[in-house]
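Student: dropping the sequence and predicted coords here.
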Amino acid sequence: VQLEESGGGLVQTGGSLRLSCVASGRTFKTFAMGWFRQAPGKERDFVASINWSGSDTFYADSVKGRFTISRDNAKDTVYLQMNSLKPEDTAVYFCAAQQFVLKVEAAGVQSWGQGTQVTVSS
């Protein structure tokens, strides 16, 4: 599956952004989907994950209560709604897909998007 993210940009502290990731291919429903992020000079970190049906979601502690992951299988799209953004949320955000699992793990990701930049100004 090929992934393409959109929706990044520059926002002030406390603002909101919604990232989208569109998948190509006919097997989207067999994939758990996730979002990861990478700040300059740092490793790529897990942000959120959602199972194939949307019934199970997982979040990093740093984003719980502020970010929401969701998916629309009819549109082959996964979203990341980001509210109450902080400067430490600044990073390149990557969409990820892993087939036949409940939660996406970085080591098992089968497809990555190209990334979209999110910058939060203080």
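Tutor: The structure has been received and is ready for your questions. Residues are numbered from 1 along each chain as shown.

Student: contacts for stretch 36-44 next, please.
Tutor: Stretch 36-44 has contacts (C-beta atoms under 8 Å, 6 or more residues apart in numbering) with 45-47, 89-94, 96, 106, 115, 118. C-beta here means a position set from N, CA and C on the backbone, and glycine is covered the same way.

Student: quick one: which of these is most hemmed in?
Tutor: Most neighbours among the contacts of stretch 36-44, by other C-beta atoms under 10 Å: Ala96, with 26 neighbours.

Student: so what pairs up with that residue in the strands?
Tutor: With beta bridges defined as DSSP bridges, Ala96 has these partners: Gly34, Trp112.

Student: isn't it right next to Gly115, touching?
Tutor: No: counting by C-beta atoms under 8 Å, Ala96 stays clear of Gly115, with 10.6 Å between them.

Student: residue contacts, the residue nearest in space to the middle of the chain?
Tutor: Nearest to the geometric centre of the chain sits Trp35, at 2.4 Å (C-alpha atoms, centre = their mean). The contact partners of Trp35, by C-beta under 8 Å, 6+ apart, come to Leu19, Cys21, Val47, Ala48, Ser49, Ile69, Val78, Leu80, Tyr93, Phe94, Cys95, Ala96.

Student: the same query, at a cut-off of 7 Å, please.
Tutor: By C-beta atoms under 7 Å, 6 or more residues apart in numbering, the contact set of Trp35 is Val47, Ala48, Ile69, Leu80, Tyr93, Cys95.

Student: between the residues you listed, which is nearest Val11?
Tutor: Nearest to Val11 out of the contacts of Trp35 is Tyr93 (C-beta to C-beta; 12.7 Å).

Student: quick one, what contacts that closest one?
Tutor: The neighbours of Tyr93, taking C-beta under 7 Å, 6+ apart as the test, are Glu5, Gly8, Leu19, Trp35, Arg37, Gly115, Thr116, Val118.

Student: rerun that using 8 Å as the cut-off
Tutor: Glu5, Gly8, Leu19, Trp35, Phe36, Arg37, Val47, Leu80, Gly115, Thr116, Gln117, Val118.

Student: if I look at it, how far off is Ser55?
Tutor: As for Tyr93, its distance to Ser55 is 23 Å (criterion: C-beta to C-beta, to the nearest Å).
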